[in-house]
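**Q** After the sequence you'll find the predicted model.
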Amino acid sequence: MFVIAILLVIAAVVLWFVGRSQDSTGWKLGAVGALVAGVFSVIVSMTYVISAYEVGVPVAFGKVGSPMTSGMHVKSPFTDVTTFSTRPVDLNLSDKDVVEVRSSQGGVMYAEVTVKWAVVPAKAVELYKLAGSEDAIQQRLVYPDSREIVRNVFARYTSEQGYASEREKVNAEIARLITERLEPRGIVVTTVNLRNVKPSDALQGQIDRKIQQQQDTERALEAARTAKAEADRRRIEAEGIARANKILNDSLTDKVLANQCIDAFKEAAAKNPVYAVPCGSGGGSAPVIVDGGKR
């Protein structure tokens, strides 16, 4: 813009002298118009507007100036301004950028991570010196550091912990380390989200086999518990029967048996003609009751 302003001023001077030499009002009016346009171009080239949620870094003749906040600023026509957004930017490590990680056991997994980061306005000059532009900040600083930290954290955990039991802990540790790495450089990390962890095909096969072994073990243990419970039940039942038989044998004395024979004889004699023979053998034994109606 400043170059255009210089050319317009030069054109205005030339037109003015041409119009003066030829005493032409048209050339003079053209000179005035060119001069006005040149002055306007100079004013425009010396002003710069920083949009909301942006910070600017002025550079003049290779020298970096102080950060420029949102609003209108007056600058040298020879000053270039590089702007950085202060809004959070998403870095998605997925699809072709998915992070291949290895657990402490050597199992391969694929982690999908989203890192939400933003530029600290006060550190814009340092970031400009490190990277040069907003895209370069992500590609040179946030991207490689995030991938490195994700790999290092997963290497401290087993495969099962990484994709299942300790996943929240892994996410928290990744977020803490990324924040500690980038914050001193002027990058604030607002969110780190471990969206998905997918085992490799080989690791998935090992997981499936382990699950199958655990299920088989659980079934075997359940069968053993069932068999033991059944054995205990039968043992308790047998002990109960043995105790009952012992009590019965102890209670069946000769006198009790004789009384039972007498009672049976009385009941049979009340209904049918009967006769009696000695119950058992030997003297004094209880009689055997015989139904006389069936002789």
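**A** Done, it's in.
**Q** how about the strands of the stretch 51-200 of the chain, start to end?
**A** For the stretch 51-200 of the chain, strands defined by DSSP state E, counting those that start in this stretch occupy the ranges 54-60, 63-64, 71-74, 79-85, 89-93, 99-102, 108-119, 187-199.
**Q** Compare the mean pLDDT across those strands and name the weakest.
**A** Lowest mean pLDDT within the strands of the stretch 51-200 of the chain: strand 71-74, a mean of 83.
**Q** contacts for that one?
**A** With Cβ atoms under 8 Å, 6 or more residues apart in numbering as the test, strand 71-74 has contacts from M46, T47, Y48, V49, I50, G56. No exception for glycine: its C-beta is placed from N, CA and C like everyone else's.
**Q** Buried subset of those residues as a ChimeraX selection?
**A** Selection of the buried residues among the contacts of strand 71-74 in ChimeraX, burial being defined by 16 or more other Cβ atoms under 10 Å:
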select :46,48,50,56
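**Q** from the contacts of strand 71-74, which ones fall inside strands?
**A** Counting by DSSP state E, the part of the contacts of strand 71-74 found in strands is T47, Y48, V49, I50, G56.
**Q** Can you add distance to V99 and give those residues back as CSV?
**A** Converted to CSV, the ones in strands among the contacts of strand 71-74 look like this (distance: Cβ to Cβ, whole Å):
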residue, distance to V99
T47, 45
Y48, 40
V49, 40
I50, 35
G56, 34
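**Q** And these, which two are furthest apart?
**A** T47 and G56 (12.4 Å; Cβ to Cβ).
**Q** hang on, the earlier thing: out of the ones in strands among the contacts of strand 71-74, who's nearest V98?
**A** G56 (35.0 Å).
**Q** Do you have the helices of the protein handy? List them.
**A** If DSSP state H is used as the criterion, the helices of the chain fall at 2-22, 25-45, 124-130, 134-137, 143-154, 159-160, 167-182, 201-251, 254-269.
**Q** end to end, how far does stretch 179-197 reach?
**A** This stretch, stretch 179-197, spans 21 Å end to end (Cα to Cα, to the nearest Å).
**Q** If we go by neighbour counts, what in that stretch is buried?
**A** Under the neighbour-count criterion of 16+ other Cβ under 10 Å, stretch 179-197 has T179, R181, L182, R185, G186, I187, V189, V192, L194, V197 buried.
**Q** Kindly report the same for stretch 126-146.
**A** E126, L127, Y128, A131, E134, I137, Q138, L141, V142, D145, S146.
**Q** could you dump these to JSON lines with pLDDT?
**A** Below are the buried residues of stretch 126-146 laid out as JSON lines (pLDDT from 0 to 100):
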{"residue": "E126", "pLDDT": "91"}
{"residue": "L127", "pLDDT": "91"}
{"residue": "Y128", "pLDDT": "91"}
{"residue": "A131", "pLDDT": "89"}
{"residue": "E134", "pLDDT": "88"}
{"residue": "I137", "pLDDT": "93"}
{"residue": "Q138", "pLDDT": "92"}
{"residue": "L141", "pLDDT": "93"}
{"residue": "V142", "pLDDT": "94"}
{"residue": "D145", "pLDDT": "95"}
{"residue": "S146", "pLDDT": "95"}
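**Q** Can you lay out those as TSV showing distance to C261?
**A** Shown next, in TSV, are the buried residues of stretch 126-146 (distance: Cβ to Cβ, whole Å):
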residue	distance to C261
E126	116
L127	115
Y128	120
A131	115
E134	114
I137	112
Q138	108
L141	109
V142	105
D145	104
S146	100
